[in-house]
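**Q** fold the following and give me the result.
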Amino acid sequence: MKPLLQNISGSLMADVTRLGKRRVFYTDETIFNEGDKALFLPIVISGRIKMIHFLELGKEVIIGIFEEGEMFAVPPVFDGKTYPSTAIAMEETLLLLLQRRVFLELLRESDEFAFAIIGWMSEMLREKTQTIQNLAMSSPDHRVAAILLKLAQKEAPHTPVKISLRREDIAKMAGLTTETTIRVVRRLAKLELLTIVHGKIIVESTTPLLGFLDQRM
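**A** Got it, this is the predicted structure:
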């Protein structure tokens with residue numbers, strides 16, 4: 001998602017920062033649980049958050065990862081319903097929390113903020129549609145390649161990119177087992193779509209991954 005804090009004016013940034021409340025969450029600490037009333041909009045100042053959905057006891061799917069400058073859980077805060085998934089800190093994370101009342105006031109009073117929210121919602125819908133198509137129709141190799149491309153493109157145009165996520169987290173994003181994901185990553189490395197250095201996945205360029213995915217469409 002396009003980072004909110006890097007794409008708004010200084011005056012709006014000052015308003016958002018002034019009206020929000022900062023809070024630190026530590027590794028594996030829960031920000032909110034699925035089914036909780038959506039009382040605040042979280043914006044990541046530093047760190048990383050994952051949103052997960054539990055399919056069954058002990059099995060989870062990562063439906064989104066959010067980093068510096070990004071907001072998340074916008075729809076339930078907008079309509080005042082419950083959070084549809086659980087948010088957990090993947091590392092020590094500083095969040096700016098906007099109470100729902102403040103969020104709605106900013107929407108009414110700031111055209112810039114309103115358009116930023118509309119843009120986020122539009123991007124989110126496109127991304128979720130792509131994710132559903134990827135999970136429903138793609139091979140394991142295609143799923144993992146698409147996720148690695150998405151993660152690498154967040155850092156574009158700065159390459160090479162070291163993918164800091166664990167194989168387990170990539171598996172949860174792809175709807176695969178960790179063992180299958182490990183095998184897929186090795187196959188992609190043999191195809192020279194990425195490299196593995198000291199166990200870390202390195203994407204030297206996004207072009208090979210794009211070409212691989214285009215061939216599979």
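**Q** where does Lys128 land in three-state SS?
**A** helix (DSSP: H, G, I helix; E, B strand; the rest coil).
**Q** now it: how far from Val16?
**A** Separation of Lys128 from Val16 (CB to CB, to the nearest Å) stands at 25 Å. Quick note: C-beta positions are derived from backbone N, CA and C, even for glycine.
**Q** between these two, which one's more packed in?
**A** Higher neighbour count among Lys128 and Val16: Val16, with 23 against 12, using other CB atoms under 10 Å.
**Q** so that one sits right up against Leu107, yeah?
**A** No: Val16 lies out of contact with Leu107 (CB atoms under 8 Å); the separation is 11.9 Å.
**Q** overlap in contacts, the two.
**A** Shared contacts of Val16 and Leu107 (CB atoms under 8 Å, 6 or more residues apart in numbering): Phe113.
**Q** off-centre distance for the strand or helix carrying Arg187?
**A** Here Arg187 sits within helix 178-190, counting by DSSP states H and E. Computed by CA atoms, centre = their mean, to the nearest Å, the chain-centroid distance of helix 178-190 equals 22 Å.
**Q** which strands and helices sit next to it?
**A** helix 140-153, helix 167-174, strand 195-197 (3 or more CB pairs under 8 Å, 6 or more residues apart in numbering; DSSP states H and E).
**Q** now the angle from the first one to helix 178-190?
**A** If I follow you right, that is helix 140-153. 70 degrees (axes from the mean of the first three to the mean of the last three CA atoms, to 10 degrees).
**Q** pLDDT (mean, whole number) over helix 140-153?
**A** Per-residue pLDDT over helix 140-153 has a mean of 92.
**Q** between that helix and helix 167-174, how many degrees?
**A** 110 degrees.
**Q** so which bits of helix 140-153 are buried?
**A** By neighbour count on 16 or more other CB atoms under 10 Å, the buried set for helix 140-153 is 140-152.
**Q** what helix or strand is the residue nearest in space to the middle of the chain on?
**A** In the chain, the centroid-proximal residue (CA atoms, centre = their mean) is Ile65; its distance is 2.5 Å. Assessed by DSSP H and E, Ile65 sits inside strand 59-66.
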